[in-house]
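# Show me how the following folds:
(chains A and B, ligands or ions: 1)
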Amino acid sequence: MSKVLIIAEHLGGKLNPSTARAVSAAAAVKADAIDVLVLADSVDAVAAEAAKIDGVSRVLTIARAENAHPLAAVLAPQIAKAAAGYSHVFAPSTTFGKDVAPRVAALLGVAQVSDVMSVEGSHTFKRPIYAGNAIVTVEAPAEHAVVATIRTASWPAAATGANSAPIEAVTTDAALPSHTRFVELKQGKSDRPDLQSASKVVSGGRGVGSKENFEIIYKFADRIGAAVGASRAAVDAGYVPNEMQVGQTGKIIAPELYMAIGISGAIQHLTGIKDAGTIVAINKDAEAPIFEVADIGLVGDLFKLIPELEAAI
Amino acid sequence: MKILVGYKRVVDYNVRIQVKPDGTGVVTDGVKLSANPFDDIALEEALRLREKGAADEVVVVGIGPADLTAHLRNGLAMGANRAIHVVTDEAVQPLTAARTLLKLVEKEQPGLVILGKQAIDDDANQTGQMLAALWDRPQATFASKVEIADGKAAVTREVDAGLEVIEAELPAVITTDLRLNEPRFIKLPDIMKAKSKPIDAIEFASLGVESHDHLKTTHYAAPPKRSKGVMVKDAAELVAALKQKGLL
Ligand SMILES: Cc1cc2nc3c(=O)[nH]c(=O)nc-3n(C[C@H](O)[C@H](O)[C@H](O)COP(=O)(O)OP(=O)(O)OC[C@H]3O[C@@H](n4cnc5c(N)ncnc54)[C@H](O)[C@@H]3O)c2cc1C
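Residues are numbered from 1 along each chain as shown, chains lettered A, B, ... in the order given. The predicted structure is shown next:
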């Protein structure tokens, strides 16, 4: 019998859509129960959202002042305690899940399966290695709980709205450390769609040339209602902030439309967009590797082509 | 303060990985091996902290077969004071690596352990967090800025929402992100100097690390290939193609 505990990711009282994707992965385990655990200082709004996700059996909440910010060292002992009786503990493979889940696994003394792409059996999973250039099938020992992070781009978000799972407050006697403290979160303000869940994404690379030039990318993205992403080179050069990086070490995304503009198509970048529906590449170099994976390619100067695209839409 | 740095050897990031046709692994014969890029960044950060006076000794740690010494020499050439080589022919998974590092931590009593946030072979992104859990110390993962003062580390972390700053009491574990620094290049005289620096070899078996509860990899496959698409000749054709697909 499988019972899955999913660690909810949330920020500012809002549930992150990655949580509903983890629920889809839990459903694939053919779980008899899927419970979502919300750790926060005030849990109500997030718990109410989680309770609406289809397939969720119960929402468990741990409301403590110490849980105001997602510090792995503080959350992990509580999660490890709450995990008792569960066959699986899932977290989304976001920076939140990647930070906290291995700490939970180590406290439970079990290995972790990172970036689950598919569920082949209750203890058998597929995951990418070498920046997605190989896919391995791994088996976790049947006698332990499975701790896993869920590669969000591989899973649709479970539908939401029809369910109203019961919400239960739980208490733990886990001792919480005070050696790690939250100082601040510097968040880029943006009215644009969220990069991780947007159906359209326009990304710019080193070819865009400067922070000022990136306005062209923003303007075009706004025109078609897209989120904006970037290559590592564009982030390193300071054209855009780090949270916009797409790729092996940035965000792994699966929009319906991905437009790579002035991006060469390094394997580390392609890892982040493998699951995109349609990939469009605009690059002045006809030999750029991005054209090997693009569904639609257009060779030319982006500074000339983007205004033309805007005019043609 | 002593800093322990994890220094893993991996297939170079420029190598195009090929899966063996029988699905038993990836081709590693004759393939270029290099330091995990994140570990080079970890070592660079440790060296900079030493140069600023925040640390007095930097120790690189490698876990792997006998021929790992050449790789550890590179770490010494970059500037580490000494190296510890945990010798094993087995592939080491993150939990085992964390348990192994914990043994070394208990022996060496470092004020800081800096590891890469992930190794670019297994892409697991676990070892630092696991070590911090087993050691019961703070973790500051995905670091893009580190400041050490008054027995504390102020670490800026690259998170999905932006940049998060946390404060961790030392000793602590930090894992590096790409923008933390740009590692220095090794100069020829440094390679000569490194030859006289000590590498301490420890048999893995002698550490008494549990390593049974592991993931078993049963199959390797190449990822599904995206087929080559079409080229369009101008902006108007691109817009038409996207409209036809219902994407605009
Ligand atoms: C461990 C590791 C992890 C990494 N992780 C990531 C990651 O997560 N994400 C990521 O993106 N990269 C990552 N990288 C970096 C990656 O290897 C590449 O260096 C990077 O993706 C290159 O970015 P780029 O395509 O913007 O730049 P470049 O490779 O420099 O390409 C710029 C492109 O712009 C084109 N161009 C220039 N001017 C114009 C113009 N006027 N009009 C049209 N086209 C133009 C050029 O022809 C060129 O193809 C990683 C690397 C390492 C080692």
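# Show me which strand runs longest in chain B.
strand B:139-149 (DSSP state E).
# Show me the contact partners of it.
With contact meaning Cβ atoms under 8 Å, 6 or more residues apart in numbering or on different chains, strand B:139-149 is reached by A:72-73, A:95, A:98-99, A:103, A:180, A:242, B:1, B:45, B:49, B:54-55, B:112, B:117, B:128-129, B:132-133, B:153-159, B:163, B:166, B:168, B:170, B:172-177, B:179-180. C-beta: built from backbone N, CA, C; applies to glycine.
# Please indicate which of those are buried?
With burial judged by 16 or more other Cβ atoms under 10 Å in any protein chain shown, the buried subset of those is A:72-73, A:95, A:98-99, A:103, A:180, A:242, B:1, B:45, B:49, B:54-55, B:112, B:117, B:128-129, B:132-133, B:153-159, B:163, B:166, B:168, B:170, B:172-177, B:179-180.
# Out of these, which are close to the ligand?
Among the buried ones among the contacts of strand B:139-149, no residue is within reach of the ligand (Cβ under 6 Å from any ligand atom).
# So which of the residues you listed belong to strands?
Among the buried ones among the contacts of strand B:139-149, DSSP E puts A:180, B:112, B:153-159, B:163, B:166, B:168, B:172-176 in strands.
# touching chain B at all, stretch A:61-77?
Yes. Judged by Cβ under 8 Å from any Cβ of the partner chain, stretch A:61-77 comes into contact with chain B at A:Leu71, A:Ala72, A:Ala73, A:Ala76.
# Next, the buried residues of the helix or strand containing the last one.
Assessed by DSSP states H and E, A:Ala76 sits inside helix A:72-82. Counting neighbours by 16+ other Cβ under 10 Å, one finds that the buried residues in helix A:72-82 are A:Ala72, A:Ala73, A:Val74, A:Leu75, A:Ala76, A:Pro77, A:Gln78, A:Ile79, A:Ala80, A:Ala82.
# Would you point out the most distant pair within the residues you listed?
Comparing every pair within the buried residues of helix A:72-82 by Cβ to Cβ identifies A:Ala73 and A:Ala82 as the most remote, at 16.0 Å.
# Can you tell me how far A:Ala221 is from A:Ser87?
Distance from A:Ala221 to A:Ser87, counting by Cβ to Cβ, to the nearest Å: 43 Å.
# More neighbours: which of these two?
Remark: of A:Ala221 and A:Ser87, A:Ala221 carries more neighbours, 23 against 20, as counted by other Cβ atoms under 10 Å in any protein chain shown.
# Return the residues in contact with the more buried one.
So A:Ala221 contacts A:Arg192, A:Lys200, A:Val201, A:Val202, A:Ala227, A:Val228 (Cβ under 8 Å, 6+ apart).
# Kindly recompute the last result at 6 Å.
Counting by Cβ atoms under 6 Å, 6 or more residues apart in numbering or on different chains, A:Ala221 makes contact with A:Val202, A:Val228.
# Also A:Tyr218?
By Cβ under 6 Å, 6+ apart, the residues touching A:Tyr218 are A:Val228.
# pretty sure it belongs to a strand, no?
No. According to DSSP: H, G, I helix; E, B strand; the rest coil, A:Tyr218 belongs to no strand; its state is helix.
# Please, which helix or strand holds B:Gly246?
Assessed by DSSP H and E, B:Gly246 sits outside every helix and strand.
# gap between it and the ligand?
26 Å (Cβ to the nearest ligand atom, to the nearest Å).
# I'd like to know which residues of chain A are adjacent to the ligand.
Residues of chain A lying near the ligand (Cβ under 6 Å from any ligand atom): A:205-207, A:231-234, A:245-250, A:262-264, A:266, A:268-269, A:272, A:283-285, A:288, A:301-303.
# Now the buried members of the residues you listed.
Burial by neighbour count, 16+ other Cβ under 10 Å: within those this picks out A:205-207, A:231-234, A:245-250, A:262-264, A:266, A:268-269, A:272, A:283, A:288, A:302.
# for chain A, longest helix please?
Ranked by number of residues, the top helix in chain A under DSSP state H is helix A:95-108.
# Quick check: which helices or strands does that helix pack against?
If contacts are counted by 3 or more Cβ pairs under 6 Å, 6 or more residues apart in numbering or on different chains; DSSP states H and E, helix A:95-108 sits against helix A:72-82, strand A:146-150, helix B:127-135.
# In CSV: those, plus distance to A:Lys3 and mean pLDDT.
Shown next, in CSV, are the helices and strands packed on helix A:95-108 (distance: least, Cβ to Cβ, whole Å; pLDDT from 0 to 100):
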stretch, distance to A:Lys3, mean pLDDT
helix A:72-82, 12, 98
strand A:146-150, 11, 98
helix B:127-135, 23, 98
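# Name whatever forms a beta bridge with residue 146.
If you meant another chain, say so; for now it's chain A. With DSSP bridges applied, A:Val146 shows beta-bridge pairing to A:His88.
# wrong chain, I was asking about chain B
Residues in a beta bridge with B:Val146, per DSSP bridges, are B:Val155.
# Would you list the phi and psi of the residue positioned nearest the centre of chain A?
With distances taken as Cα atoms, centre = their mean, A:Thr94 lies nearest the centre of chain A, 4.1 Å away. Dihedral angles of A:Thr94 (phi, psi; degrees, to the nearest 10) stand at phi -110, psi 180.
# Next: A:Ala153.
phi -70, psi -20.
# With adjacent residues omitted, what lies nearest to it?
A:Ala254 (3.9 Å; Cβ to Cβ, 6 or more residues apart in numbering or on different chains).
# again with A:Thr249
Closest to A:Thr249 by Cβ to Cβ, 6+ apart is B:Leu178, at 5.8 Å.
# Tell me how chain A divides into domains.
A:3-169, A:200-312 (automatic domain parsing).
# any chance of those in CSV, plus distance to B:Val15?
Converted to CSV, the domains of chain A look like this (distance: least, Cβ to Cβ, whole Å):
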stretch, distance to B:Val15
domain A:3-169, 9
domain A:200-312, 10
